[in-house]
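Enquirer: Sequence below, structure please.
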Amino acid sequence: GYIYEDLEELIKDIKNAGFNCVMDSSDPKFIYQTGPFKNRIKLLAKHGIKLSSLHSRYKRDELPHFWLDDKIGKKLEKNLIKDIKLAYKYGFTCVVCHMKCNPNPEQGNEFGYARLRRILKKCEKLNIPLALENLSDNFAVLEDVFNSFKSDYLKFCWDVGHNHAFTPEIDFGSLYKDKLITVHLHDNLGAFVDNEHS
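Expert: Numbering: from 1, shown residues only. Modelled structure (predicted):
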C-alpha cells in the first residue's frame, strides 16, 4: 500500500520493521505501487522475506457476480483459480478472497455454491487454502458460506481494519478463530469511524 520509487528500499524497510513475511497480490492494478508481480517475488526472495497470503485480484463492482451464471461470474472463478495456481507456484500459504452477498437472493445461491465447490476442489488438489476476508458489509455471506461448507480448505482472513472501521460490533476473532489463517493488521486510518467506536 506504500508507494516507493525503489522497491528494494521498501523491502529493507519491511525487514527493519521486524517483519519476515508479507502478503502480496498479482492484481495488475497495484503495479503502480510496487512494480511487476514477478519482480517483487524475486526481490523478496533475495532479501529472505517469506510469502504469506496472496490476495486475489478483483474489481469491487464485479464481486456480487460470483453468485450469478454470467460472464463476470465465470471470469471471477477463472481469476481465482489462476491466483490459487500462482500461490502454489510461488509458495504462498493461502489465497485471500473478497466475497460479497448474492444480489438476487430470491434466485438462491446454487451457481455460487457450485462455483465455490469447484474452487475448493482446486484448493484441495494444490494444498492451498482459500481465506474469505471480512469487508464492510459481507458478514451475512461469510455466515452463510461458513455454515454451508465444511471444507478444511475454506478459511478466514481477519481484516482488523475493516472490523474496526465498519463492523466494530462483530467479534470476528471469536466467531471464526477456528478458521483463522491470516490477518490484515491496520486501522483503515480511522476511516468512517465515529466517536463511539474510535
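Enquirer: all strands for this structure, in order.
Expert: With DSSP state E applied, the chain shows strands at 21-25, 50-55, 94-98, 130-133, 154-159, 180-184, listed in chain order.
Enquirer: In TSV: those strands, plus mean neighbour count.
Expert: C-beta coordinates here come from the backbone N, C-alpha and C atoms, glycine included. As requested, the strands of the chain are exported to TSV (neighbours: other CB atoms under 10 Å):
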stretch	mean neighbour count
strand 21-25	18
strand 50-55	20
strand 94-98	24
strand 130-133	23
strand 154-159	23
strand 180-184	18
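Enquirer: Which of those strands sits closest to residue 31?
Expert: strand 21-25 (10.1 Å; CB to CB).
Enquirer: Would you mind pulling the contact partners of the closest one?
Expert: 14, 37, 40-41, 44, 49-57, 92, 96, 182, 184 (CB atoms under 8 Å, 6 or more residues apart in numbering).
Enquirer: If we use 6 Å, what do you get?
Expert: 49-50, 52-53, 55 (CB atoms under 6 Å, 6 or more residues apart in numbering).
Enquirer: With mean pLDDT and distance to residue 3 added, can I get the strands of the chain in JSON lines?
Expert: Shown next, in JSON lines, are the strands of the chain (pLDDT from 0 to 100; distance: least, CB to CB, whole Å):
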{"stretch": "strand 21-25", "mean pLDDT": "92", "distance to residue 3": "15"}
{"stretch": "strand 50-55", "mean pLDDT": "96", "distance to residue 3": "17"}
{"stretch": "strand 94-98", "mean pLDDT": "97", "distance to residue 3": "21"}
{"stretch": "strand 130-133", "mean pLDDT": "98", "distance to residue 3": "23"}
{"stretch": "strand 154-159", "mean pLDDT": "97", "distance to residue 3": "21"}
{"stretch": "strand 180-184", "mean pLDDT": "94", "distance to residue 3": "19"}
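Enquirer: Include distance to residue 148 when you put these into a markdown table, please.
Expert: Below are the strands of the chain laid out as a markdown table (distance: least, CB to CB, whole Å):
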| stretch | distance to residue 148 |
| --- | --- |
| strand 21-25 | 27 |
| strand 50-55 | 23 |
| strand 94-98 | 16 |
| strand 130-133 | 12 |
| strand 154-159 | 10 |
| strand 180-184 | 19 |
